[in-house]
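[1] no sequence on this one, just coordinates:
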């Protein structure tokens, strides 16, 4: 039995302002019809050759309902989602999945995949995985290396024991992100691959490796799992034991220390889409080095990426080259394309200044749908709220504000102080300060309302919950 383990907790700060902590790159549709996360799930669910089991997804508290909605959109409902209390990098995450599976079948195999990479050629990946499965049956821990296409300094590398070929071989060492001079020497030797962050090994073998090289992590993760609990469709790891784990990658914690590590080369297309220049590189063509989205107009521009995420914002470029320009409703990034890796520094600077856009979108996702702030001022705020089919807000009240709801699309079931009413498009209702109320969508299409808040304090923490479908 082969279980896909999907790691979905990253923040993708180098793709700011489109990717932010509240809604990172794995959940965004960069290329094609689906998000990067959905592509990995569909590879796991729909793969007839590998016959993979239902995926196990590891993520954090903030993304759990985003994940539920994204797998619902592609018609999947059989994934197990494990919630990490705090981010501790890949070693504790992978071990948690291994111990979880160990209770079911210690002889099962784990295929560990990041959720935020672009791998268009599934057939080549399948061939590599089949080779990795044979190695795992011989007790090997397997990592997959990508054949380099350029001297990339943003990736880690795998130093092979011998010159690269299509055959698997032993790993000599890991190399962290090298400088430009070093990476050219490395590629000239023919002994280096990009580190993909994709792994394959049996449950019993990876647990044994932790026993030998990271027993303290093993103890803490095992305690966290034993004291965890199921909550709705999620399994929550216990926080106290989990917090004692070192924040460390599987490479440092285990793979650099073992003597049973093999590398399977992957020669297909791959990108971690870790920065805007990586997206530009993926979308440019032989005919044009100018990449642009809808809502963009350019004159005499070249070697640049223009992207507008707001239908009401027309982004215009005139006579520029080597530029990255990203327009969002609440933030705009303009950067030299050669500085794309430094966008992370921009986010850090904005955070230090307390700028909300550093991590948060105007649109906030909730288990029942989403809302976004349209405008605000002293003692008032206007929001657009979308309640998905079957969604139900908590029964709640506010100490500092009243609310006026206007239904724009769909049908709303409204409860205000135990009085139930149904509102259709064009109808409205008023929720006085302090009244218990609830909004629910029992219709067949998403419910869209405009909410006008009036009060002395309008923060999201002014909520007293009495009942909640989502156990918040």
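    Okay, I see it. No experiment lies behind these values; they were computed from the predicted model shown.
[2] and the end-to-end length of stretch 233-248?
    28 Å (Cα to Cα, to the nearest Å).
[3] who touches that stretch?
    Residues outside stretch 233-248 that contact it (Cβ atoms under 8 Å, 6 or more residues apart in numbering): 64, 68, 80-89, 91-92, 96, 100, 216-217, 220-221, 223-230, 253. For every residue, glycine as well, the C-beta is placed using N, CA and C.
[4] Narrow those to those that are buried.
    Neighbour-count burial (16 or more other Cβ atoms under 10 Å) applied to the contacts of stretch 233-248 gives 64, 68, 80-85, 88-89, 91-92, 96, 100, 217, 220-221, 223-225, 228, 253.
[5] Run through the neighbouring helices and strands of the lengthiest helix in the chain.
    For the chain, the longest helix by residue count, based on DSSP state H, is helix 122-136. The contact analysis (3 or more Cβ pairs under 8 Å, 6 or more residues apart in numbering; DSSP states H and E) places helix 122-136 against strand 109-114, strand 141-146, strand 192-202, strand 261-266.
[6] and the angle for the third one with helix 122-136?
    In this case it means strand 192-202. Interaxial angle of strand 192-202 relative to helix 122-136 (axes from the mean of the first three to the mean of the last three Cα atoms, to 10 degrees): 60 degrees.
[7] which ones are touching the residue of the chain positioned farthest from its centre?
    Farthest-out residue of the chain from its mean C-alpha position, per Cα atoms, centre = their mean: residue 419, at 40.4 Å. Neighbour list for residue 419: empty [criterion: Cβ under 8 Å, 6+ apart].
[8] mind checking how far it is from residue 392?
    Taking Cβ to Cβ, to the nearest Å as the measure, residue 419 falls 17 Å from residue 392.
[9] what about the lowest-mean-pLDDT helix or strand in the chain, distance to the chain center?
    Counting by mean pLDDT, DSSP states H and E, the weakest-scoring helix or strand in the chain turns out to be strand 363-366, with a mean of 87. Averaging C-alpha positions (Cα atoms, centre = their mean, to the nearest Å) puts strand 363-366 15 Å from its chain's average.
[10] Can you flag which of the buried ones among the contacts of stretch 233-248 belong to helices?
    Among those, DSSP H puts 64, 68, 91-92, 96, 100, 217, 220-221, 223-225 in helices.
[11] mind listing the helices in the protein by residue range?
    Here the chain has its helices, by DSSP H, at 36-45, 64-73, 90-102, 122-136, 180-189, 203-213, 215-226, 239-243, 250, 276-283, 343-352.
[12] among these, which is nearest residue 369?
    For the helices of the chain, the distance to residue 369 is smallest for helix 64-73, at 8.4 Å, taking Cβ to Cβ.
[13] Now that closest one: buried residues?
    So helix 64-73, judged by 16+ other Cβ under 10 Å, has buried residues 64-71.
[14] now that helix against helix 36-45, angle please.
    Relative orientation of helix 64-73 and helix 36-45, computed by the same axes, to 10 degrees: 60 degrees.
[15] what's the model's confidence in helix 64-73, averaged?
    Per-region confidence: helix 64-73 scores 91 on mean pLDDT.
[16] which helices and strands sit right next to that helix?
    Helix 64-73 packs on helix 36-45, strand 80-84, strand 363-366, going by 3+ Cβ pairs under 8 Å, 6+ apart.
[17] Comparing those, which comes out most buried?
    With neighbours taken as mean count of other Cβ atoms under 10 Å, those reach their highest mean count in helix 36-45, at a mean of 22.
[18] distance between it and the chain's centre?
    In terms of Cα atoms, centre = their mean, the centre of helix 36-45 is set 12 Å apart from its chain centre.
[19] So which elements touch that helix?
    If you count contacts as 3+ Cβ pairs under 8 Å, 6+ apart, helix 36-45 packs onto strand 2-7, helix 64-73, strand 109-114.
[20] how about 10 Å then?
    strand 2-7, strand 56-60, helix 64-73, strand 109-114, helix 122-136 (3 or more Cβ pairs under 10 Å, 6 or more residues apart in numbering; DSSP states H and E).
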